[in-house]
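**Student:** Sequence and predicted structure below; questions after.
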Amino acid sequence: MYAVYIFGGILAVLLAAVIFAPMVERKSVREAESPTAEGRKARALDALRELEFEYETDKMADSDYNRLRAHWANEAIAARDSLGESTEQPVEGGCPVCGAALRSGAKFCSRCGQAVTGAAEGV
């Protein structure tokens, strides 16, 4: 009779190990890797593409879209700048919302993601 309980207990432990092992492994892999600037840039651009798709298919609220888009745009810009790919000079003045410096030809603020209309076009 006790053999059935012991077998059931062992089976439950094995089943839990099979279910939770990928979660534990994934977390340790994520903590172990330190992404390079190129990896961060690629991850941010992928996230922006996915975010745009989710928004266009009406799976996301406007407030969530704006918040996440600003976050991932900042990540992509920071990675691009750390790679030295940014050659444009900052534009006089700044974002009308947060006051961050704008680059020439910028259509969006690199800090808050707000659309900039006409602020950086004429310079």
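**Tutor:** Cool, got the structure. Numbering: from 1, shown residues only.

**Student:** Tell me which residues are up against stretch 6-15.
**Tutor:** The contact list for stretch 6-15 (C-beta atoms under 8 Å, 6 or more residues apart in numbering) is empty. From N, CA and C alone the C-beta is placed, and that goes for glycine too.

**Student:** can you pull the alpha-carbon coordinates of that stretch into CSV?
**Tutor:** What follows is stretch 6-15, C-alpha atoms only, in CSV (Å, rounded to 0.1, in the frame of the first residue of the first chain):
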residue,chain,number,x,y,z
ILE,A,6,6.0,6.4,-2.7
PHE,A,7,5.7,5.8,-6.4
GLY,A,8,3.1,8.7,-6.7
GLY,A,9,5.4,11.0,-4.7
ILE,A,10,8.4,10.2,-6.9
LEU,A,11,6.3,10.6,-10.0
ALA,A,12,5.0,14.0,-8.8
VAL,A,13,8.6,15.2,-8.1
LEU,A,14,9.8,14.1,-11.5
LEU,A,15,6.8,15.8,-13.2
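
**Student:** as a whole number, average confidence for that stretch?
**Tutor:** Averaged across stretch 6-15, the pLDDT comes to 93.

**Student:** how about the longest helix along the chain: buried residues?
**Tutor:** Secondary structure of the chain per DSSP state H: the longest helix is helix 2-32. By 16 or more other C-beta atoms under 10 Å, helix 2-32 has no buried positions at all.

**Student:** From the contact counts, what lies against the following helix or strand past it?
**Tutor:** Next in sequence after helix 2-32, counting helices and strands by DSSP states H and E, comes helix 37-56. Helix 37-56 sits against helix 62-83, with contacts defined as 3 or more C-beta pairs under 8 Å, 6 or more residues apart in numbering; DSSP states H and E.
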